[in-house]
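# This is the structure alone, sequence omitted:
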């Protein structure tokens, strides 16, 4: 292999071009034609050309390849390069005095860009090669620009998603403040829901993206409480029957509210959020509200959030009650004192409850009325 250094028209070091021919005179002629435009590298046979190209597949602007060479000929070089994808990135010109239909058809099938006939016509060869190289370079620049724009759009989309997530979390936390909570309730519901769906068989069939959407939707489960009067929402004692009927409407109010936010509909979490807001107080035996759904009529995600909501309400102080101990809370849930839950859901919950309990470490220790 030999290298002949040339300069581009701007005086800067140019891209390289590979000339492959077993005849030294032909290599010299072609090198002389292109030395003004490229750094010319030459190879005397196909095997040498393959070694050069495969060692630096992105280092050449074009390849001028003779067909008739001993050992590894030009067609064999094309066959070996085809699987590498290099022929799609670097234009290859086949140099030959033989231009039979069979050779041309096979060469084009393999990915050759064009033919250069022998004897070469200097100004024709230079013009054709330079035009194709310029075309390939323009295509590369366009591809880089498109990829850069794609990455920018992805980055902006991620920023919008994070902004939407932040707004949802802020809205949900603000509603918790009205209810006398610190806002940590929604974060714990998110984490419990995610753990249940990722770490137990109850989440089987859901993709990681589904779980992310459901966990985000879970923090909006009580969004309808924004429509509940403070006198009822913040009442420090047991609600009357009439007041409880008003409190129960936070489920339907939440579903309606979410449906009235057009921007929500573009989020993957939307359909889960509406269902969870309306149905997280439904119970396995059909004695929940607002629709009296029973068994598998209740979606898995609404079931999970419903149980997470009860567990968090029992183990934390509320305006209307002190906190229960962890042990007492589990007993009440398993004994059905807070409504009936799917037995399989309870089994999965008890598997991960020790890990869930660690979410409360550092918070006020859980020490009596049910959750609202």
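Happy to help now that I have it. Computed from a prediction, not measured in an experiment: that's the story for all the values here. Numbering: from 1, shown residues only.
# which residues are in contact with stretch 339-350?
Contacts with stretch 339-350, where a contact means CB atoms under 8 Å, 6 or more residues apart in numbering, come from 196, 200-202, 283-285, 287-288, 295, 298, 303-304, 306-307, 310-311, 330, 333-334. Bear in mind the C-beta positions are built from the backbone N, C-alpha and C, glycine included.
# Low-confidence regions, the protein specifically.
Segments of the chain classed as low confidence (criterion: pLDDT under 70) are 1-14, 99-100, 153-183, 263, 319-320, 362-372.
# Have a look at it and report its longest strand.
Assignment by DSSP state E gives strand 60-66 as the longest strand of the chain.
# Any buried residues in the next helix or strand after that one, and which?
Per DSSP states H and E, strand 60-66 leads on to helix 74-81 as the next helix or strand towards the C-terminus. Using 16 or more other CB atoms under 10 Å as the test for burial, helix 74-81 gives 74, 75, 77, 78, 80, 81.
# From the contact counts, what lies against helix 74-81?
Contact analysis of helix 74-81 by 3 or more CB pairs under 8 Å, 6 or more residues apart in numbering; DSSP states H and E lists helix 46-55, strand 60-66, strand 92-96, helix 101-110 as its packing neighbours.
# tilt between that helix and strand 92-96?
160 degrees (axes from the mean of the first three to the mean of the last three CA atoms, to 10 degrees).
# Pull the residues that contact the very next helix or strand once past helix 74-81.
For helix 74-81, the succeeding helix or strand toward the C-terminus, using DSSP H and E, is helix 86-89. Residues from elsewhere that reach helix 86-89 (CB under 8 Å, 6+ apart): 53, 57, 58, 78, 81, 110, 111, 112, 136, 140.
# Which among those residues count as buried?
Buried by 16+ other CB under 10 Å: 53, 78, 81, 110, 111, 112, 136, out of those.
# isn't the second one right up against residue 109?
No - at 9.3 Å, residue 78 does not count as touching residue 109 under the criterion of CB atoms under 8 Å.
# got a list of what residue 249 touches?
By CB under 8 Å, 6+ apart, the neighbours of residue 249 are 224, 227, 228, 290.
# how many other residues sit next to the nearest residue to the second one once chain neighbours are set aside?
Taking CB to CB, 6 or more residues apart in numbering as the measure, residue 227 lies nearest to residue 253, with 4.2 Å between them; neighbours along the chain are not counted. Residue crowding around residue 253 was assessed by other CB atoms under 10 Å; the count is 19.
# And residue 253, how close does it get to residue 264?
The gap separating residue 253 from residue 264 is 15 Å, by CB to CB, to the nearest Å.
# One more: residue 119?
Residue 119 is 72 Å from residue 264, by CB to CB.
# just residue 65 next, same as before
Taken as CB to CB, the span from residue 65 to residue 264 is 59 Å.
# Show me which of those two is the more surrounded one.
Each of residue 65 and residue 264 has its neighbours counted (other CB under 10 Å); residue 65 has more, 28 against 18.
# which ones are touching that one?
If you count contacts by CB under 8 Å, 6+ apart, residue 65 has them with 20, 46, 49, 74, 77, 78, 92, 93, 94, 95, 112.
# Distance of residue 97 relative to residue 359?
For residue 97 relative to residue 359 (CB to CB), the value is 79 Å.
# Which one of these two is surrounded by more residues?
Between residue 97 and residue 359, residue 359 has the larger neighbour count (other CB under 10 Å), namely 16 against 10.
# My guess is the more buried one contacts residue 191. True?
Yes - counting by CB under 8 Å, residue 191 is a contact partner of residue 359 at 5.7 Å.
# check contacts around residue 252.
Counting by CB under 8 Å, 6+ apart, the residues that residue 252 touches are 224, 278, 290.
# To which secondary structure element type does the first one belong?
Reducing the assignment at residue 224 to three states with DSSP: H, G, I helix; E, B strand; the rest coil gives helix.
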